[in-house]
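K.L.:
Kindly return the folded structure for what I paste below:
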Amino acid sequence: MNPSLRPVWLTIAAAFGLWFLTFTLGFGNFWLKLTASACILAAIGLGYSSGEFKKLFAFRMRHLWIGIGSALVLYGIFWVGKEAAYLLFDFAPGQIASVYKTKTQLDAVWIGLLLLFLMGPAEEIYWRGFVQRHLAECYGAGTGFWWAAAAYTLIHITSWNFMLLVAASVCGLFWGLLYRREQNLIPVVISHALWDVMIFVLFPLA
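P.N.:
Predicted coordinates for the structure are as follows:
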């Protein structure tokens, strides 16, 4: 193991553990557990990225429009994907509906606020700003992108939900490509946060 990547692989292992506790263990509020898990990982990522803040969060007005536009595009991809999944897989409606059952655990306004201001930004700070960036620096942009997307996908296996695993793979690839292109977290954070609110609160697909 490359010594400089030890924190990356160790925290990915920790992410598996946190997502297991969030998805598999029945006690506690799902949304609060997920928020806490994402924030823990983001704090670790920020701790290892303190010298990169200026580059990672350098705001340009185009980042706002890219973030909004990409969130809308990704929502459209998921809408089409849902229709295709319903045609292809008998189990798809049930599995997609099960993702939304957790909404009963917290008021929709609070879910939206958590997604917009904490969960979406925290996940991007960790997965793209820390994991993908470090893997790309070590293995190259292409390999780093694929490893980060794979890890982001595989931690969702703890949900035991095939449709959620597919959704995570699409998101990991989409936001990974966006970060690879922009080399900046602002548009990716905006995209993730807005998409979260659209898909879970404003325009749910089930």
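
K.L.:
ok, and what's touching the helix or strand harbouring Phe145?
P.N.:
Per DSSP states H and E: Phe145 is located in helix 141-154. The contact list for helix 141-154 (C-beta atoms under 8 Å, 6 or more residues apart in numbering) reads 12, 15-16, 127-128, 131-139, 165, 168-169, 171-173, 176-177, 180. Glycine gets a C-beta too; all of them are placed from N, C-alpha and C.

K.L.:
among these, which ones are buried?
P.N.:
12, 15-16, 127-128, 131-136, 165, 168-169, 171-173, 176, 180 (16 or more other C-beta atoms under 10 Å).

K.L.:
where does Asp90 land in three-state SS?
P.N.:
coil (DSSP: H, G, I helix; E, B strand; the rest coil).

K.L.:
Next up, the contacts around it.
P.N.:
Per C-beta under 8 Å, 6+ apart, neighbours of Asp90: none.

K.L.:
And for the one 4 residues further on?
P.N.:
Gly94 makes contact with no residue under the criterion C-beta under 8 Å, 6+ apart.

K.L.:
How about the helix or strand of the chain with the lowest mean pLDDT, which residues are buried there?
P.N.:
Ranked by mean pLDDT, DSSP states H and E, the helix or strand of the chain with the weakest confidence is helix 53-56, at a mean of 86. By neighbour count on 16+ other C-beta under 10 Å, the buried set for helix 53-56 is Leu56.

K.L.:
give me the number of residues near Phe117?
P.N.:
Residues lying near Phe117 (other C-beta atoms under 10 Å) number 12.

K.L.:
In space, what's closest to the residue nearest in space to the middle of the chain - neighbours in sequence excluded?
P.N.:
For the chain, the residue nearest the mean C-alpha position is Glu123 (5.1 Å; C-alpha atoms, centre = their mean). Spatial nearest neighbour of Glu123, excluding adjacent residues (C-beta to C-beta, 6 or more residues apart in numbering): Ala38 at 5.2 Å.
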